[in-house]
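S.K.: quick one: sequence and predicted model below, then my questions.
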Amino acid sequence: MFTGLIERTGKVADAGKGAVHINTGRDFGSSIGDSVSVDGVCLTVAESASDILGFDVSDESLSLTTLAGLKAGTVVNLERALMTGSRMHGHFVTGHVDIIGVVEKVERKVRSMDVVIGFNDDGIMHNFLAKKGSVAVDGVSLTVNEIISKNSFRLTLIPHTIKNTGLFDIKKGRKVNIEFDVLAKYIYGMVKKGQENSSLTEEKLRSLGYVL
């Protein structure tokens, strides 16, 4: 479990054949077996040596995230797993990417950037978006400022986010990992299940005296 508050950016040293090595710049305080969010994808540390962390990447992760496009020199967002007892900033991020999105528009302002991201909705994804709700983009906890359409939304990047994450050079056409708010997904699932199992029909309501 993560918070979406990036601790550090790293640079890919090498990637391919189901593995990726990342230069963290200095010791990241992670040991073999620890969970680390890499651009929003939860990976397990397989190698740890000074300022280099090595991860195995499954075919599943490669097919569903942007990790397949990593190459030497790529800047990635890094966050270690949330510790029990820590202050809960950001929002609950699992590191399980829902879908790959594409940046449709970037508007640079004096001290911020407005970014519009679109995604191919499979029929339910849009249900997890809410104005002023949370979403993780490449592992960064952000607020949905506006729902543009069924499959696009607008975010604002503040100076701190621009300076301290890999979103500093975000451009139109860039692919990003999107993880919708896990609480929204659970609530949607419970409501949907309740609707499917409900015995409250129009006929039942009439029998109870309700006028429809």
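M.R.: Looks like it arrived, so ask away.
S.K.: which secondary element of this structure has the worst mean pLDDT?
M.R.: Across the helices and strands of the chain, mean pLDDT, DSSP states H and E gives its lowest value to helix 202-207, namely a mean of 72.
S.K.: which parts of this protein are strands?
M.R.: Listed in chain order, the strands found in the chain under DSSP state E are 8-16, 19-23, 35-38, 41-49, 52-56, 75-80, 99-108, 113-118, 134-137, 140-143, 146-149, 152-157, 175-180.
S.K.: mind listing what the longest one pairs with, with the direction of each?
M.R.: Right, the one you point to is strand 99-108. strand 113-118 (antiparallel), strand 175-180 (antiparallel) (DSSP bridges).
S.K.: how about low-confidence regions in this structure?
M.R.: Confidence mapping of the chain against pLDDT under 70 gives the ranges 197-202, 205, 210-212.
S.K.: where is the longest helix in it?
M.R.: Counting by DSSP state H, the longest helix found in the chain is helix 182-197.
S.K.: centre of the chain versus that helix, how much separation?
M.R.: Taking C-alpha atoms, centre = their mean, to the nearest Å, one finds helix 182-197 lying 20 Å from the centre of the chain it belongs to.
S.K.: contacts for it, please.
M.R.: 92-94, 124, 127-130, 133 (C-beta atoms under 8 Å, 6 or more residues apart in numbering). (C-beta placed from N, C-alpha, C; glycine too.)
S.K.: closest one to Leu43 out of the residues you listed, please.
M.R.: Thr94 (12.6 Å; C-beta to C-beta).
S.K.: chain neighbours aside, what residue packs nearest to that closest one?
M.R.: Once flanking residues are discounted, Thr94 sits nearest to Val182: 5.6 Å by C-beta to C-beta, 6 or more residues apart in numbering.
S.K.: circling back: tell me which of the strands paired with strand 99-108 is the most buried.
M.R.: Of the strands paired with strand 99-108, the one with the most neighbours on average (mean count of other C-beta atoms under 10 Å) is strand 175-180, at a mean of 24.
S.K.: who's in contact with the closest residue to Ile158 other than its chain neighbours?
M.R.: Counting by C-beta to C-beta, 6+ apart, Ile158 lies nearest to Ser112, which is 5.6 Å off, once chain neighbours are set aside. Going by C-beta under 8 Å, 6+ apart, Ser112 touches 156-159, 162.
S.K.: now swap in Leu62 and tell me
M.R.: 18, 68.
S.K.: please repeat the previous calculation with a cut-off of 6 Å.
M.R.: Taking C-beta atoms under 6 Å, 6 or more residues apart in numbering, we find Leu62 in contact with Ala68.
S.K.: and the protein, what are its domains?
M.R.: Domains of the chain are assigned by automatic domain parsing as 8-80, 99-197.
S.K.: rebuild those as JSON lines, extending it with distance to Ser207.
M.R.: As requested, those are exported to JSON lines (distance: least, C-beta to C-beta, whole Å):
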{"stretch": "domain 8-80", "distance to Ser207": "48"}
{"stretch": "domain 99-197", "distance to Ser207": "19"}
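S.K.: sounds good, over and out.
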